[in-house]
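> return a 3D structure for these sequence lines:
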Amino acid sequence: MTTRFLLVLILGQLVVGCSNDNPAAKTDYTQLSGVSGDFSDHRGKWMVINYWATWCKPCIEEIPELNNFAEKHKDTVKLFAVDFDNARGDKLVASAEKMGIEFPILIDDPHSLLGFEKPYALPTTFVFNPQGKLQKTLLGPQTEESLLKALAMKD
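The predicted structure follows:
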């Protein structure tokens, strides 16, 4: 494991360990890093949720593009990754590291919470507009250009 990734993981574990167990404080999601939040916190930004798997060659090929996109557009877009196979714990950490994912990875699949069907093919990317409504479902590997087009930021 890279030192940076390990440090983020350890800090995330500490945050989770110090969290309030009050059910009223329940959040929508927890990231692999341990950071928790609500999807409504991202209103005003586009939200993109990408499903991947370690056995999916097109997923592997698109990750560098998604990493770049997430960093380049972090002020207007929140990008999340979801492991299609629902790996947990060390297996999810190993899978994320193998894939080289640098943007937030959700521990739990949000499809039922956000009201969309779990994808049947990979990679699949769901695009939510700044008001939180599902705008597009994209099948296949994505590029910066295809994502900008889906976000209506490019013709």
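> helices of this structure, start to end?
Residue ranges of the helices in the chain, as given by DSSP state H, are 3-17, 57-72, 89-99, 111-114, 144-150.
> how about those in TSV, adding mean pLDDT?
TSV is the format used below for those (pLDDT from 0 to 100):
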stretch	mean pLDDT
helix 3-17	47
helix 57-72	98
helix 89-99	97
helix 111-114	96
helix 144-150	96
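> now these in TSV, with mean neighbour count and distance to V48?
The way it works is simple: take the backbone N, C-alpha and C, and place the C-beta from them, glycine included. What follows is those, written out as TSV (neighbours: other Cβ atoms under 10 Å; distance: least, Cβ to Cβ, whole Å):
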stretch	mean neighbour count	distance to V48
helix 3-17	13	21
helix 57-72	17	8
helix 89-99	15	16
helix 111-114	13	12
helix 144-150	17	7
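> wait, which of those is closest to L32?
Among the helices of the chain, helix 89-99 comes nearest to L32, with 6.1 Å by Cβ to Cβ.
> which helices and strands does the closest one pack with?
Under the contact criterion of 3 or more Cβ pairs under 8 Å, 6 or more residues apart in numbering; DSSP states H and E, helix 89-99 touches helix 57-72, strand 77-83.
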